[in-house]
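1. Please work out how this folds:
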Amino acid sequence: MSQTRPTAPTFHTPAGTIIGWADGPVVRATGIRYARAARFRPPVPEPPASEPIRATAPAPACPQLADPRVDQVMGDLFAALSFDEDCLRLSVTRPADCRPGEQLPVIVWVHGGSYVSGAGDLAIYDPATWVAEQRVVFVAVTYRLGLFGFLGTTSTPPNLGLLDLQEALRWVRHNIAAFGGDPALVTLFGHSSGADAIAQLMLVDGAAGLFRRAMLHSAPLGLTRNRQRMLRAMSRAVGTLPPTATAAEVLARESAVTKAARWQGLKSGMPFGPQYGAAPLPPEAEIDATWAAVAPHIDVLIGATAEETRFFAVIDPTFNWLQRLPLAGSRLVGLLTRVTSRRIYLNPARAFAEHQARAGGRAWRFLLTYQPPGSPFGAAHVVDLPLLLGNRASWAATPLLGTVNWEEFDAAGRQVRQLWADFARTGALPQQVIIPGVLEVRQVHHGKE
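-> Model prediction:
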């Protein structure tokens, strides 16, 4: 008896016919090209395809340097991914039972990694549980990083990675309806440098119309200003890169550039990033006024973990040495963690939310307090992400969650996923939400919570 093979999910979009794949409770279309870019040049939107697009492989990651400290904690994140400068791709995940004509809220994911590492399709960022459970459409974007995307020199423009993200949002606006997403209901969701990139996209003329809401996790907004001296030193360290340089040679130069920024204080912890006063961003003196102007048009949910920099205190050999000092060591590291967490993440998040509310926008601020049992990291950077993305298997390789009972942890995650999906749907949350031992969320009114 012959058996008919199930038809692959097919989407007829302005970009062309896209063939995805079924994956249990969700349908995926992965590694879709949204633009192309020559090295150190702005992206050019991908024209409509004349042949079907087979969207069945993950997006490649932008070439990047390995960080042994992070790898030791996070495991082999890139096991299933390749690296390629031709990385301007995105992946769409939607519920398998999406009905014809249904328009679901769209969440666009901008990954973090200090603007030098990461990729949209890492297994720890798998949105399947969130998508199936809360009925949202999820778009993960991969964009250029490091020297490829975030440092201008005399011969190369800055902010290329930001322009990549803008092109991805234009692709979403034109094509997401074919996947059951509502192009008028797009929420940007970012972590760390990804959240910072979203805050900068709010400043871009024309970009605000591409999204309606922003969910900013652990944005290092305390590092983004007064960077001119550091950027000049970094630009000098680039020197001249021959057009024939390989990706490995570019990365070797990136390492030298990072060393040139080393003496610039806290900002050297994230030397790469968007540059004010260069297209498409306004001058630094105008950013507060620009944020105020767009505030009434974008709903914001912003926050951080209670011990953000404890992540770096655990993995950095310098902090480890301090912690081993008798008597005062652990107290000194604790003090440094509190001070730097407030300076880089917590206080700027509060200020951003208050500025948003004073300017007439809606703003909620969250604080993640969860401390995984048996983990040296406490309520550190990244601990919030497994409440929303990934699954037990994808997070098993990292000690971040210690000896957590996954069923109990996932029950808390379900509450967070519900809240964040509600925000994507409506732009509103209750004035105060407390998940004991996990999360606090408060609305900010005219500069006060």
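
2. Correct me if wrong: Thr305 contacts Leu387.
-> No - taking CB atoms under 8 Å as the definition, Thr305 is not a contact partner of Leu387, at 10.8 Å. Every C-beta, even on glycine, is put in place using the N, C-alpha and C of the backbone.

3. Quickly list what's touching both of those two.
-> Leu368, Tyr370 (CB atoms under 8 Å, 6 or more residues apart in numbering).

4. Of those two, which one has the most company?
-> Set Thr305 next to Leu387 and count neighbours by other CB atoms under 10 Å: Thr305 wins out with 29 against 22.

5. mind checking how far that one is from Val383?
-> Applying CB to CB, to the nearest Å, the value for Thr305 to Val383 is 6 Å.

6. tell me, what's touching these two both at once?
-> Leu368, Tyr370.

7. what ranges do the strands span in the stretch 201-350 of the chain?
-> Ranges of strands in the stretch 201-350 of the chain, per DSSP state E, counting those that start in this stretch, are 213-217, 299-305.

8. Mind listing what's buried along the shortest one?
-> Read it as strand 213-217. Within strand 213-217, the residues that qualify as buried are Arg213, Ala214, Met215, Leu216, His217, counting by 16 or more other CB atoms under 10 Å.

9. Next: stretch 372-385.
-> Pro372, Ser375, Pro376, Phe377, Gly378, Ala379, Ala380, His381, Val382, Val383, Asp384, Leu385.

10. okay, and the helix or strand of this structure with the least pLDDT?
-> helix 317-323 (a mean of 61; mean pLDDT, DSSP states H and E).

11. and Ala248, how many neighbours?
-> Quick note: Ala248 (other CB under 10 Å) scores 10 neighbours.

12. err, Trp109, not the other one
-> 25.

13. Is it within a helix or a strand, and which one?
-> strand 104-110 (DSSP states H and E).

14. which secondary structure elements does that strand contact?
-> Strand 104-110 makes packing contacts with strand 137-141, helix 160-175, strand 181-191, helix 193-201, helix 406-426 when contacts are defined by 3 or more CB pairs under 8 Å, 6 or more residues apart in numbering; DSSP states H and E.

15. Glu85: which of the ones you listed is closest?
-> helix 160-175 (11.5 Å; CB to CB).

16. The closest one to strand 104-110, inter-axis angle?
-> Angle of helix 160-175 versus strand 104-110, following axes from the mean of the first three to the mean of the last three CA atoms, to 10 degrees, is 160 degrees.

17. how much space between the closest residue to Ala184 other than its chain neighbours and His381?
-> The shortest distance from Ala184 to any non-neighbouring residue, by CB to CB, 6 or more residues apart in numbering, is to Arg212 (7.0 Å). Distance, Arg212 to His381, using CB to CB: 27 Å.

18. what's the answer for Gly118, then?
-> 13 Å.

19. try Met230
-> 22 Å.

20. Repeat that for Leu203.
-> For Leu203, the distance to His381 - CB to CB - is 24 Å.

21. Then Ala279?
-> 31 Å.

22. circling back to that earlier point, just give me the closest of the buried residues of strand 213-217 to Ala79.
-> His217 (24.3 Å).

23. Good, wrapping up.
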